[in-house]
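[1] Sequence first, then the predicted structure, then my questions.
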Amino acid sequence: MDGQRIPSMMRGVVLPGGDRTETRRYAVPKPGPGQVLVQMKASGLCGSDLKFIYHEHIGTGGSQYQEVIAGHEPSGQIVAVGPEVSSYAVGDRVVVDHINGCGHCSECRKGCMIGCTSPERQAYGWQRDGGHADYLLADVRALLKLPEPLTYIDGAMVACGVATAYQGITRASVSGRDRLLVVGLGPVGLAVVMLAAASGAEVYGVDVVPERIALAKTLGATAGLMAGLDALPQIMDLTQGMGTEVAIDCSGHRTGRHLCLEAARTWGRVVFLGEGGDVAFEPSPLLIRKQWTLYGSWVCGLDGMAQTLEFLVRSGLHPDALVTHTFSLSDAERAYQTFARGTTGKVVLTMDEASP
Ligand SMILES: [Zn+2]
Ligand SMILES: [Zn+2]
């Protein structure tokens, strides 16, 4: 890696809205103090990219897309370091936490930069250039080293969805004592299945898409159920009429959330991970008298992301198993079209082709 020639120009993919992608040419940035230049190896596509950027730019405030290079799930290798960088070197394999907070508010001090409300907060791929490019300029305070034997695709998975799933199961202290219902088997739901099964829990997955249910079973779910009126009675059968100790909604859909509330047993735990939408429920029968605890969990902090990487290595897990499609950077248009159909697992761009 030392002595590798860094070209002066690179490609970057922008999402102009209207279900389009656009590849533009950019000057390769030079790292300033506290920054490194990362040669991109893998960059994930996320449901939030589709929802807030790809179809239309509907985000506001902290979710407003600034027409930068897209991609907030980057993983790659450092090829240049700026001044005042001592903890990273050329050749290091890294994962980039996708938010750079102000660094000094209470959420940033916790490492939860997603919760930073300062105007300085910037997300890669939203307010500053992201990972759908040949190179990425990253601040070291948002970096984590990618340990062997994890792959760059594993790293891209951890940068957002897998760490989100990890925080969700740790909020509810999921363990081998638990039966866990996971509603919504998109990439985050599938990651919950994988991590919870590796933690010893008995996992039941629910979705409307048969391909996703099948994938959940390969990742460790003991039962995969089709969403609908039959789902709750089936869960009750599986749990001898008791309900599950934990239920995690990853669908963000009102019926999915409601199913979690109905399926959680007395003194159980429920986690809402999936964003958007709404839910209405009767608190007396579904919450108060069931004595359970409801958690909201939003993405993941830096420390949780580091723990996720450790857990994956220790458990011998590779979240690249959730990836159903990879495309080269030059094929970004087809990657987004495929992902937007809503029947895939995770879709990732890889940059192993030669840069032009
Ligand atoms: Zn994401
Ligand atoms: Zn902050």
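    Good, I have the coordinates. Residues are numbered from 1 along each chain as shown. Ligands and ions are numbered 1, 2, ... in the order given.

[2] Contacts only, for the nearest residue to residue 345 once chain neighbours are set aside.
    Closest residue to residue 345 apart from its sequence neighbours, by C-beta to C-beta, 6 or more residues apart in numbering: residue 324 at 3.8 Å. Where you see a C-beta, it was placed from the backbone N, CA and C, and this is true even at glycine. Each residue near residue 324 by C-beta atoms under 8 Å, 6 or more residues apart in numbering is listed here: 215, 344-347.

[3] what does the longest helix anywhere in the chain rub up against?
    Taking DSSP state H as the assignment, the helix of the chain that covers the most residues is helix 302-315. For helix 302-315, the external contacting residues (C-beta under 8 Å, 6+ apart) are 95, 97, 111-113, 142, 144, 146-150, 154, 158-159, 162-163, 166-167, 170, 195, 198, 300, 317-319.

[4] can you rerun that using 6 Å?
    97, 111, 144, 147, 158, 162-163, 166-167, 198 (C-beta atoms under 6 Å, 6 or more residues apart in numbering).

[5] Please report which of the contacts of residue 324 has the highest neighbour count.
    Highest neighbour count within these: residue 346, with 29 neighbours (other C-beta atoms under 10 Å).

[6] Quick check on that residue: phi, psi?
    phi -80, psi 150 (degrees, to the nearest 10).

[7] Quick check: it touching residue 320?
    No - assessed by C-beta atoms under 6 Å, residue 346 is found out of contact with residue 320, at 8.4 Å.

[8] mind listing what's buried in the longest helix of the chain?
    302, 304-309, 311-312 (16 or more other C-beta atoms under 10 Å).

[9] could you dump those to a markdown table with pLDDT and distance to residue 230?
    Below are those laid out as a markdown table (pLDDT from 0 to 100; distance: C-beta to C-beta, whole Å):
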| residue | pLDDT | distance to residue 230 |
| --- | --- | --- |
| 302 | 93 | 42 |
| 304 | 96 | 35 |
| 305 | 97 | 37 |
| 306 | 97 | 41 |
| 307 | 97 | 37 |
| 308 | 98 | 34 |
| 309 | 98 | 38 |
| 311 | 98 | 34 |
| 312 | 98 | 34 |
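
[10] ok, back up a step: so of the contacts of residue 324, which ones are in helices?
    Members of the contacts of residue 324 lying in helices (criterion: DSSP H): residue 215.

[11] Please produce TSV containing the contacts of residue 324, extended by distance to residue 264 and pLDDT.
    Shown next, in TSV, are the contacts of residue 324 (distance: C-beta to C-beta, whole Å; pLDDT from 0 to 100):
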residue	distance to residue 264	pLDDT
215	24	92
344	29	83
345	26	83
346	27	92
347	32	96
